[in-house]
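> Sequence and predicted structure are below.
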Amino acid sequence: MKGHPPPCYSGGMGDRDRRAERMRAGEWVGGRFSAPYYVDEGDPYRPDIVLWIDATNDLIVGLHMDRPPVSDDEVAAVVVRTLAGPVAVPSPARIRVRSESLADAVRRALGSGVRVVVGPTPDLDAVFEDLAEQTARGATRGRTYLERGRIPEPDVAWLFRWAAAPHRVAPWSILDDSQILRLDVPALGVEGACMSPPIPNV
């Protein structure tokens, strides 16, 4: 999975169950990371990012960001929301995490139906590094009054132009920030990329 984040599971409502049936019930790997950037709301802070992957089917199945500290129970809750969500994914046969405290939280959340083990998570770490690298590529240089001089005005103008259409569609009216969207951008050669929709407070 190194080089590009794994694709996210996506599909229309009609074929989601058939796709899930073709997948193997494999191993999910999850954990919590500190974001490589700051959120500038009041006192700047580095958010905690919860990431879950299906290592068997090479998928990102859960992504959540929140103000730190995110507890082990909250990390486990992302798995519960994923399995209960509208997109059909095969339930994991095994879950691997890097700490016993997180393993206990997952066992409490899922019960005894899934085997939970503690071990190294290099596959999860590699996916997070890829996501962090892509975030770093979006960094801009130049100083203006925006974000205390971190964002050039032309970048903001470009963002507003391209954000106008999705703002009118308002996807946040039917999505929440625990869901993963598939993103295809043919003009950039991107197919099967993943994004977690930014959900404003509306």
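Sure, I can see it. Residues are numbered from 1 along each chain as shown.
> I figured Asp72 hits Arg107, correct?
No: in this structure, Asp72 is not within contact of Arg107 by Cβ atoms under 8 Å, at 10.8 Å. For glycine as for every other residue, the C-beta is placed from the backbone atoms N, C-alpha and C.
> So between the two, which is more surrounded?
Each of Asp72 and Arg107 has its neighbours counted (other Cβ atoms under 10 Å); Asp72 has more, 21 against 15.
> Which residues are in contact with the more buried one?
Residues near Asp72 by Cβ atoms under 8 Å, 6 or more residues apart in numbering: Arg32, Ser99, Ser101, Leu102, Asp104, Ala105.
> rerun that using 7 Å as the cut-off
Taking Cβ atoms under 7 Å, 6 or more residues apart in numbering as the criterion, Asp72 is in contact with Ser101, Leu102, Ala105.
> Spell out, range by range, the strands that occur in the protein.
With strands called from DSSP state E, the chain shows them at 27-34, 48-54, 59-66, 94-97, 115-118, 181-185, 190-195.
> Including mean neighbour count and distance to Pro86, could these go into JSON lines?
Shown next, in JSON lines, are the strands of the chain (neighbours: other Cβ atoms under 10 Å; distance: least, Cβ to Cβ, whole Å):
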{"stretch": "strand 27-34", "mean neighbour count": "22", "distance to Pro86": "18"}
{"stretch": "strand 48-54", "mean neighbour count": "23", "distance to Pro86": "17"}
{"stretch": "strand 59-66", "mean neighbour count": "22", "distance to Pro86": "13"}
{"stretch": "strand 94-97", "mean neighbour count": "21", "distance to Pro86": "22"}
{"stretch": "strand 115-118", "mean neighbour count": "14", "distance to Pro86": "25"}
{"stretch": "strand 181-185", "mean neighbour count": "12", "distance to Pro86": "12"}
{"stretch": "strand 190-195", "mean neighbour count": "15", "distance to Pro86": "16"}
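> could you dump those to a markdown table with mean pLDDT and distance to Trp162?
Compiled in a markdown table, the strands of the chain are given as follows (pLDDT from 0 to 100; distance: least, Cβ to Cβ, whole Å):
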| stretch | mean pLDDT | distance to Trp162 |
| --- | --- | --- |
| strand 27-34 | 96 | 28 |
| strand 48-54 | 95 | 24 |
| strand 59-66 | 91 | 22 |
| strand 94-97 | 97 | 38 |
| strand 115-118 | 97 | 42 |
| strand 181-185 | 83 | 12 |
| strand 190-195 | 84 | 14 |
